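Participant: With the input below, show me the fold.
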Amino acid sequence: MKTLTVKASHKTYSILLDKGLRHHLDVILKDQQYSQVVIITDEQVAHHYLEEVLASLYKTSLNVHYYIIKPGEQSKSFTVYEDIQRYLLSQHVDRNSAILALGGGVVGDLAGFVAATYMRGVPFIQMPTTLLAHDSSIGGKVAINLVNTKNIIGSFYPPDMVLYDTETLYTLNKQELRSGFAEMVKHGFIADAKLLEQLKQMMAFSINPIIDGFDELLLRSIRIKQEIVEKDESESGIRKHLNFGHTLGHAIEAIKPYTHGESVMYGILFNLFLSEQINGTENRLLTDSLIDWLRQLDYPLSLISDNDVDVLIEKMLNDKKTINQNIHFILLKEIGKPYIQSMPTPKIKQYLYDFMEKMYKRNG
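Facilitator: Coordinates of the predicted model:
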């Protein structure tokens, strides 16, 4: 078992990473003084893992309840949030009860916001089951959506612990693996050129969480998030660098039928293009070999058209990182050296048109 300790300003907590953790929750939680545990999960995850998690928890003396939501961003709503709060009240859940988020980013965000606000805060355990959640489960960001704007209602609420059973990655389809892998690539670009190169070498033709060495790559990616969160938990400084690719990515995700990671990967390519244009380093970051690799991994590389630009700009103006109508992007001076760049919308529009033309010619 691999153990990392996040020493953030609000709380110190452990990340446990190993195969089969879901079968040993009775041992992992034996020293915790919880009165009961409420599992929040979605229908897909429940089908694969809820019975095994329940069997492990039933070995304890804890009262155990569970609440199942529909999968997808639509569940990060005030309606579902209120339904869960009502359920907690109906089960007489008290302040010593723990909310256990069993699932991916949607489940973690929603369950965390429930835990942060029910009775002004109850214990919270993250148990991610997706590759994408290796990023979202760490750092304490919890939130729900409003009017198709992602994570606009939320808080910083670190978990008591993160339990990452990497066997749960084995049931993910290729699209879900691509979604989470984008965050690993992001971490490589902003903080670790060697990690980025190893990802390219070990995942040259497909994203395979079963091969030897994958868990170590995953752990290195998690360490990058850990180190940044420890320095800036509330996102007042360098934690903003973790938004690399996300400004445009979130806007695409709001209007197109692509996953978070597919949208973010396209956002990463746009940010690399912006970095080259602004810093005069053309073809040093957005390279043909990078695009060929992503195509080999089946990332969609033609997500938007000229007709989408105005809507995308409007979505980006509603982004939490936008200040005084200037949209903020995370750019790179070089790999491992990110910085924040603010831009007015007319410039962004032109850059988007130029980027799409470049990608069209490259993909043509």
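Participant: Now residue 75: closest residue in space, sequence neighbours ignored.
Facilitator: residue 69 (4.5 Å; CB to CB, 6 or more residues apart in numbering). For the C-beta atoms, the positions are set from N, CA and C on the backbone; glycine is no exception.
Participant: Look up how far residue 106 lies from the one you found.
Facilitator: Look at residue 69 and residue 106: by CB to CB, to the nearest Å, they are 8 Å apart.
Participant: Could you pull up the residues touching the spatially most central residue of the chain?
Facilitator: Most central in the chain under CA atoms, centre = their mean is residue 136, positioned 3.6 Å from the mean C-alpha point. By CB atoms under 8 Å, 6 or more residues apart in numbering, the contact set of residue 136 is 104, 105, 108, 109, 128.
Participant: and stretch 265-281, how far from the chain's centre?
Facilitator: In terms of CA atoms, centre = their mean, to the nearest Å, the centre of stretch 265-281 is found 21 Å from the chain centre.
Participant: Wasn't residue 150 part of a helix?
Facilitator: No: counting by DSSP: H, G, I helix; E, B strand; the rest coil, residue 150 is not part of a helix but strand.
Participant: Can you tell me the SS state at residue 99?
Facilitator: strand.
Participant: how many neighbours does it have?
Facilitator: Residue 99 has 26 neighbouring residues, counting by other CB atoms under 10 Å.
Participant: what's the spacing between it and residue 113?
Facilitator: As for residue 99, its distance to residue 113 is 10 Å (criterion: CB to CB).
Participant: that older thread, would you confirm that the residue nearest to residue 75 contacts residue 39?
Facilitator: No: contact criterion CB atoms under 8 Å: residue 69 and residue 39 do not qualify, at 11.2 Å.
Participant: out of these two, which sits in the busier spot?
Facilitator: Shown here are residue 69 and residue 39; by other CB under 10 Å, residue 39 has more neighbours (26 against 23).
Participant: I'd like the distance between residue 166 and residue 218.
Facilitator: Residue 166 is 7 Å from residue 218, by CB to CB.
Participant: For residue 159, give me phi and psi.
Facilitator: Backbone geometry at residue 159, expressed as degrees, to the nearest 10, gives phi -80, psi 170.
Participant: What of residue 165?
Facilitator: According to degrees, to the nearest 10, residue 165 has phi -90, psi 100.
Participant: What is the neighbour count of it?
Facilitator: Other residues near residue 165 come to 23 when the count uses other CB under 10 Å.
Participant: repeat for the one 3 residues further on
Facilitator: Applying other CB under 10 Å, we find 26 residues neighbouring residue 168.
Participant: Also residue 86?
Facilitator: Residues within reach of residue 86, counting by other CB under 10 Å, total 10.
Participant: cool, the one 5 residues further on as well?
Facilitator: A count of neighbours around residue 91, defined by other CB under 10 Å, yields 14.
Participant: Enumerate every residue touching the nearest residue to it once chain neighbours are set aside.
Facilitator: If the residues on either side of it in the chain are set aside, residue 91 comes closest to residue 65, at 5.2 Å by CB to CB, 6+ apart. Residue 65 sits next to 36, 37, 38, 39, 87, 91, 93 when contact means CB under 8 Å, 6+ apart.
Participant: For the fourth one, which residues are in contact?
Facilitator: Read that as residue 39. Contacts of residue 39 (CB under 8 Å, 6+ apart): 50, 53, 54, 57, 64, 65, 66, 67, 100, 102.
Participant: remind me which residues of the protein are low pLDDT?
Facilitator: Under the criterion pLDDT under 70, the flagged ranges of the chain are 320, 322-324, 364.
Participant: For it, just list every one of the helices.
Facilitator: In the chain, the helices defined using DSSP state H lie at 25-28, 43-45, 51-57, 78-90, 105-117, 133-136, 174-191, 193-202, 214-231, 246-255, 260-279, 288-296, 309-317, 345-363.
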